[in-house]
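> structure for this input, please:
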Amino acid sequence: MALIAADIVAELRRRIAARELRPGELLTFRDLMREWDVSMHIAFKALRLMRDEGLTGKVRRVHGMVVTEDAASVASAWRPPPPASLGFRTQVVGIAIELADTEGLAAVSMRRIAERLGVATMTPYRHVRPRARLEILMADAVFAEHPPPKHVGVWRAQLEQLCRMQWQMYRSRPWLARTVCFQRSELNPHVVAHVEWAMRAMAGVHLPAQTVSQIAATAADFVRGTALDLDGADDDTALFEFGLQRLLEGFALLESAGRR
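This is a model prediction of the structure:
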């Protein structure tokens, strides 16, 4: 696992607290690069963090930092800032979405997220684990930005409007279709809200509740499944529209049979 500056600082802080590193000992960026096999950027950042915590200081005519006289007491008293769990998780999810938007889903990693937050690599794992959970939370955060519209008109027009909204969401974020989950309401209430909205849109139809639930789920799965095959071609939306109309026609036949 690749290290970041915060990981190196954590180990050096431990050594100082254990008196393995004593006041006056020199730390240089080359030492850090050699021991931890990291880039110059990471090494410099680690030394800067050490200085900011008061663990090291600059000495004239010396290239590097030296351990301060009171570094041991500072290191022993250090405690990680207690992030608000929900607030920290929101930050993790937000950064994951940014990475997926700009570089694709494969670029999302706890290491990259930790680097952005300036924390140890393992810290995000304590709030969002495993990877599948992070992806569910990412999808839910996107759906939270796109709440269903007000219920206006007949059920078919409402369902059509919702499907088109979801289609545009998937088009604008190609990774979204691979992460969305229409179950597990405790993790993704905003995704589940789309399905529940579709069920309420059909509240007046003459169909059993189970059939209404199946229609709402089928519509959501159709949009997502079509989006999974997106290749950027101009006729993607045309194919989606064709399939959507055939699906709605099938639902209409069910509804008509239920009124007989």
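
> helices of the stretch 1-150 of the chain, start to end?
Listed in chain order, the helices of the stretch 1-150 of the chain (DSSP state H, counting those that start in this stretch) span 5-17, 29-36, 40-53, 71-77, 85-103, 110-117, 131-144.

> can you check the stretch 151-260 of the chain too?
Using DSSP H, counting those that start in this stretch, the helices found in the stretch 151-260 of the chain span residues 155-172, 189-201, 209-228, 236-259.

> low pLDDT regions in the stretch 101-250 of the chain?
Applying pLDDT under 70 to the stretch 101-250 of the chain picks out residues 184-186, 230-234.

> closest one to Gly225 among the helices of the stretch 1-150 of the chain?
When the helices of the stretch 1-150 of the chain are compared by Cβ to Cβ, helix 131-144 sits nearest Gly225, at 15.0 Å. (Glycine included, C-beta is placed from N, CA and C.)

> export that closest one as PDB, just CAs?
Taking only C-alpha atoms (Å, rounded to 0.1, in the frame of the first residue of the first chain), the coordinates of helix 131-144 have been written out as PDB:
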ATOM      1  CA  ARG A 131     -15.500  -0.500  -1.400                       C
ATOM      2  CA  ALA A 132     -19.000  -1.600  -2.400                       C
ATOM      3  CA  ARG A 133     -20.400   0.500   0.500                       C
ATOM      4  CA  LEU A 134     -18.500   3.500  -0.800                       C
ATOM      5  CA  GLU A 135     -20.000   3.100  -4.300                       C
ATOM      6  CA  ILE A 136     -23.500   2.800  -2.900                       C
ATOM      7  CA  LEU A 137     -23.000   6.000  -1.000                       C
ATOM      8  CA  MET A 138     -21.600   7.700  -4.000                       C
ATOM      9  CA  ALA A 139     -24.700   6.800  -6.100                       C
ATOM     10  CA  ASP A 140     -27.000   8.000  -3.300                       C
ATOM     11  CA  ALA A 141     -25.200  11.300  -3.100                       C
ATOM     12  CA  VAL A 142     -25.800  11.900  -6.800                       C
ATOM     13  CA  PHE A 143     -29.500  10.900  -6.500                       C
ATOM     14  CA  ALA A 144     -29.800  13.300  -3.600                       C
END
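
> buried residues in that helix, which are they?
Of the residues in helix 131-144, those buried by neighbour count under the rule 16 or more other Cβ atoms under 10 Å are Leu134, Glu135, Ile136, Leu137, Met138, Ala139, Asp140, Ala141, Val142, Phe143.

> before we move on, what about stretch 143-155?
With burial defined by 16+ other Cβ under 10 Å, the residues of stretch 143-155 counted as buried are Phe143, Pro148, Trp155.

> and for the closest residue to Leu137 other than its chain neighbours, the neighbour number?
Distances taken as Cβ to Cβ, 6 or more residues apart in numbering put Val93 closest to Leu137, at 4.9 Å, once the chain neighbours are dropped. Using other Cβ atoms under 10 Å, the number of residues around Val93 comes to 23.

> out of the helices of the stretch 1-150 of the chain, flag the one nearest Leu187.
Taking Cβ to Cβ as the criterion, helix 131-144 is the member of the helices of the stretch 1-150 of the chain that comes nearest to Leu187, at 4.9 Å.

> list of residues touching the closest one?
Applying Cβ atoms under 8 Å, 6 or more residues apart in numbering, the set of residues contacting helix 131-144 from outside is 89-90, 92-94, 96-97, 100, 105, 108, 128, 169, 173, 176, 178-181, 184, 187-191, 193-194.

> from Arg246, how far out is Ala96?
Remark: distance between Ala96 and Arg246 (Cβ to Cβ, to the nearest Å) = 36 Å.

> thinking again about what came up before, Leu21: which of the helices of the stretch 151-260 of the chain is closest?
helix 189-201 (48.6 Å).

> could you pull up the contacting residues of the closest residue to Leu248 other than its chain neighbours?
Distances taken as Cβ to Cβ, 6+ apart put Arg156 closest to Leu248, at 5.6 Å, once the chain neighbours are dropped. Listed by Cβ under 8 Å, 6+ apart, the contact set of Arg156 reads Leu248, Phe251, Ala252.
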